[in-house]
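Asks: quick one: sequence and predicted model below, then my questions.
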Amino acid sequence: MKYIAGALAALGAMICACSSDAETHDDHADAATCVTVRGGPLWNYSAGDPLGPSHWGEIASAQDASVYPDCANESQQQSPIAMARSGAGVVARPFQLGSELAWSTAATVQNLRNDGHTWIAGFDPAQNQLRVDGTDYGLAQFHVHAPSEHTLDGKEYPLEAHFVHLDASGTQPFAAVIAVMFEESENDNPELAKIWPKFDRCAQEAPSSVTGVTLDLPRLLPEGRTYMTYDGSLTTPPCSFTVRFFVLLEPLKASKAQIRQLQDAVGRNNRPIQPILAGTQVSIHRP
Ligand SMILES: [Zn+2]
């Protein structure tokens with residue numbers, strides 16, 4: 001429990017791809033023009049690379065000389081997973097993501113960061129809330145993966161956004177992450193378009209403060225609120241088993257250019273699908 005609490009304490013900064021580490025990649029267009037940012041553990045998404053996903057469990061952290069054993073922990077459910085609307089482990093339960101969600105239509109973006117692994121938009125957790133099992137979680141940030149990390153009924157999407165909500169009291173062992181898929185379209189997603197040009201194309205050691213930028217956050221959710229949920233892990237090192245995912249089944253749309261801009265800056269950034277462990281329950285919720 002202490003371990004989980006400790007891991008959660010670091011979650012605001014570390015979930016998915018938001019740790020203080022950052023490095024440039026050599027697999028995207030602008031790497032040669034970016035200055036390498038150091039100061040943390042090095043890992044990447046390249047299959048077969050010594051720093052790639054299959055070796056995350058062995059990579060030493062430059063900060064504390066420990067390794068990321070949870071990335072290779074076969075006793076805890078790792079994320080992402082392949083989600084299917086029917087099949088073993090899928091049960092129907094009452095839908096919650098309606099009145100339990102209080103996102104602002106004018107949510108203030110506090111900062112933006114390219115951490116070398118993803119683009120992250122930071123928020124004041126007090127401004128946007130999600131209630132899970134009676135506990136309020138605040139939206140700390142959202143970030144993006146391209147292609148998607150989870151798959152739905154075997155389909156991989158071009159883009160997946162993770163909205164990371166943390167328990168303000170720090171007593172809950174899990175963060176609540178809403179995942180939204182995006183299809184590719186001709187037109188820019190208007191909400192993403194408000195911040196996309198503001199992200200740095202090179203990795204930054206720290207977030208850049210922004211002022212005067214607000215997002216209509218509910219527009220970053222589909223109208224259909226059916227979702228699947230399960231308890232899983234961070235999808236980046238340290239891969240801690242501290243995330244409750246809520247994966248919306250209806251996708252939104254983003255333009256090919258928007259997806260390309262992200263990948264040009266950080267490369268492909270999706271962790272491979274992880275096996276679903278015996279005993280893991282994946283629940284589907286319908287409004
Ligand atoms: Zn993520």
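Replies: Perfect, thanks for sending it.

Asks: most centrally placed residue in this protein?
Replies: The structure's the chain has its C-alpha centroid closest to His162; by C-alpha atoms, centre = their mean the separation is 3.7 Å.

Asks: element containing the residue of the stretch 151-287 of the chain found nearest the ion?
Replies: For the stretch 151-287 of the chain, the nearest residue to the ion under the criterion C-beta to the ion is His162, separated by 3.6 Å. For every residue, glycine as well, the C-beta is placed using N, CA and C. Under the criterion of DSSP states H and E, His162 resides in strand 159-167.

Asks: tell me the first helix or strand C-terminal of that strand.
Replies: In the C-terminal direction, the helix or strand that comes right after strand 159-167 (DSSP H and E) is strand 175-185.

Asks: convert the C-alpha atoms of that next one to CSV, please.
Replies: C-alpha atoms of strand 175-185 as CSV (Å, rounded to 0.1, in the frame of the first residue of the first chain):
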residue,chain,number,x,y,z
ALA,A,175,-5.8,7.8,-10.6
ALA,A,176,-8.9,8.1,-12.9
VAL,A,177,-8.0,8.3,-16.6
ILE,A,178,-10.6,9.0,-19.2
ALA,A,179,-9.4,7.8,-22.6
VAL,A,180,-10.9,9.2,-25.8
MET,A,181,-10.2,7.8,-29.3
PHE,A,182,-9.9,9.9,-32.4
GLU,A,183,-10.6,9.0,-36.0
GLU,A,184,-8.7,10.7,-38.8
SER,A,185,-10.6,13.3,-40.7
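
Asks: buried ones in the helix or strand just after that strand?
Replies: The C-terminal neighbour of strand 175-185 among helices and strands, as given by DSSP H and E, is helix 190-195. Within helix 190-195, the residues scored as buried using 16 or more other C-beta atoms under 10 Å are Glu191, Leu192, Lys194.

Asks: same thing with stretch 213-220?
Replies: Residues of stretch 213-220 classed as buried under the neighbour-count rule (16+ other C-beta under 10 Å) are Leu215, Leu217, Leu220.

Asks: now do stretch 156-172
Replies: Within stretch 156-172, the residues scored as buried using 16+ other C-beta under 10 Å are Tyr157, Pro158, Leu159, Glu160, Ala161, His162, Phe163, Val164, His165, Leu166, Asp167, Gln172.

Asks: can I get the buried residues of stretch 213-220 in a markdown table including pLDDT?
Replies: A markdown table is the format used below for the buried residues of stretch 213-220 (pLDDT from 0 to 100):
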| residue | pLDDT |
| --- | --- |
| Leu215 | 98 |
| Leu217 | 97 |
| Leu220 | 97 |
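
Asks: what's the closest of these to Glu184?
Replies: The shortest approach to Glu184 among the buried residues of stretch 213-220 belongs to Leu220, at 16.4 Å (C-beta to C-beta).

Asks: now stretch 251-267: how far from the chain's centre is it?
Replies: Between the mean C-alpha point of stretch 251-267 and the mean C-alpha point of its chain there is a distance of 15 Å (C-alpha atoms, centre = their mean, to the nearest Å).

Asks: for it, which outside residues touch it?
Replies: Identification of contacts with stretch 251-267 by C-beta atoms under 8 Å, 6 or more residues apart in numbering yields 25, 27-30, 44-45, 114, 116-119, 144, 146, 157-159, 180-189, 192-193, 196, 199-203, 220-222, 269.

Asks: burial count for Val35?
Replies: 8 (other C-beta atoms under 10 Å).

Asks: please read the previous query as pertaining to Thr105.
Replies: Other residues near Thr105 number 10, with proximity taken as other C-beta under 10 Å.

Asks: and the one 5 residues further on, by the same measure?
Replies: The burial metric for Gln110, expressed as a neighbour count using other C-beta under 10 Å, is 17.

Asks: please report phi then psi for it.
Replies: In this entry, Gln110 is assigned phi and psi values of phi -90, psi -40 (degrees, to the nearest 10).

Asks: hmm, back to that, which of the buried residues of stretch 213-220 fall within strands?
Replies: Cross-referencing these against strands under DSSP state E gives Leu215.

Asks: in JSON lines: the buried residues of stretch 213-220, plus distance to Pro238.
Replies: Below are these laid out as JSON lines (distance: C-beta to C-beta, whole Å):
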{"residue": "Leu215", "distance to Pro238": "29"}
{"residue": "Leu217", "distance to Pro238": "28"}
{"residue": "Leu220", "distance to Pro238": "27"}
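
Asks: any of the contacts of stretch 251-267 buried? List them.
Replies: 25, 28, 44-45, 114, 116-119, 144, 146, 157-159, 180-182, 184, 188-189, 192, 196, 199, 202-203, 220-222, 269.
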